[in-house]
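> After the sequence you'll find the predicted model.
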Amino acid sequence: MSIILLILAAGVPYYLILEKSKKLNNEKIFLISGFLLLSAIVISSFVASEYSNQLVVISLLSAIFSIYKASKTTNFYKFGYYLLFINAPFFMLFIREQGVLYSLSLLITLSGIYSIAKHYDKYYGSANYHGISGTTLATPYVGVFLTVYLITLALYPPFPNALFLLSSMIKEETTLLWYIVVVVLFLGNFMVAMRVIPKTVFGTPNTNLHYVDFTSKEKMMHFVIIIILLVLSIIGFKGAIA
């Protein structure tokens, strides 16, 4: 069961199968990867399993490789599923409840990134933010929502990912491997997420580009996502002080 959860959460199907497929585009791989992690969350909620140090090390090596891949991509879809793989060791290492909540918060945050990728794809021709690199998003809502998601992914408090990490730090029985995983993944999440902001939110406005803001329906969806993240932040804060 532990091996099954490792396969579902740590991007093994992607690196062995999906990455080599010519029939799947980045959006479909994003959705498949998110579904696999969601499946791991559901299974782990009903089936008890113990994770070995060897499996944690394997998932950490996959995460380090994913950090490298994420630092090279300029595509929001790829950025999203690499973030899933980067955080897999947290799912493998944290106690059951915290690992599930952390992974669920990650999926919700990345659903916002997915929506922004769809927006880019629809109005700018692709989900590749390099195409408008160095420009300021003149449309405020896109920039605001994207900033919230990236700060959440960078593990800044008081956003839920950071609070669930803090809660696990307080409650876990720490080991040297535990500290190595936390330090590597904290730095990895921070650097990968912060790398995107200067290329998408801050920069020099370009009057030659046509900016398209979210529709009312899209704005409402993102507000709902942020409200859910706020609720998860409250749960994470209560868990940290309990």
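Good, I have the coordinates.
> would you list every one of the helices in this structure?
2-9, 12-16, 26-46, 53-72, 76-86, 88-93, 96-124, 140-153, 160-171, 176-200, 216-241 (DSSP state H).
> Tell me the buried residues in the last one?
To tie it back to what came earlier, the one meant is helix 216-241. 218, 221-222, 225-226, 228-229, 232-233, 235-237, 239-240 (16 or more other C-beta atoms under 10 Å). In this view, the C-beta of every residue, glycine as well, is placed from N, C-alpha and C.
> Export the helices of the chain as a markdown table, with columns for mean pLDDT.
Shown next, in a markdown table, are the helices of the chain (pLDDT from 0 to 100):
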| stretch | mean pLDDT |
| --- | --- |
| helix 2-9 | 80 |
| helix 12-16 | 80 |
| helix 26-46 | 87 |
| helix 53-72 | 88 |
| helix 76-86 | 91 |
| helix 88-93 | 80 |
| helix 96-124 | 87 |
| helix 140-153 | 86 |
| helix 160-171 | 82 |
| helix 176-200 | 86 |
| helix 216-241 | 89 |
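> so who does residue 13 touch?
Contacts here follow C-beta atoms under 8 Å, 6 or more residues apart in numbering; on that basis residue 13 touches 7, 32, 36.
> which one of those residues has the most neighbours?
residue 36 (21 neighbours; other C-beta atoms under 10 Å).
> Verify the contact between it and residue 8 for me.
Yes. Using C-beta atoms under 8 Å, residue 36 makes contact with residue 8 at a distance of 4.7 Å.
> Look at the nearest residue to residue 116 once chain neighbours are set aside and say how many residues are nearby.
Take residue 116 and drop its neighbours on the chain: the residue closest to it by C-beta to C-beta, 6 or more residues apart in numbering is residue 146, 5.6 Å away. Residue 146: 22 surrounding residues under other C-beta under 10 Å.
> quick one: pLDDT of residue 206?
As predicted, residue 206 sits at a pLDDT of 65.
> Now for residue 125, how many residues are close by?
9.
> before we move on, back to that, can you say which two of the buried residues of helix 216-241 are spatially most distant?
Spatial extent of these (C-beta to C-beta) is set by the pair 218 and 240 at 32.6 Å.
> ok, the most centrally placed residue in the chain - contacts?
By C-alpha atoms, centre = their mean, the chain has its centre lying nearest to residue 83, at 4.1 Å. Contacts for residue 83 (C-beta under 8 Å, 6+ apart) come out as 70, 106, 110, 113, 153, 189, 192, 193.
> Among those, which one lies nearest to residue 53?
Using C-beta to C-beta, the contacts of residue 83 come closest to residue 53 at residue 189, 21.9 Å.
> so that closest one touches residue 156, yeah?
No. If you go by C-beta under 8 Å, residue 189 and residue 156 don't touch, sitting 9.9 Å apart.
> who has more neighbours, the two?
More crowded of residue 189 and residue 156, by other C-beta under 10 Å: residue 189, with 26 against 15.
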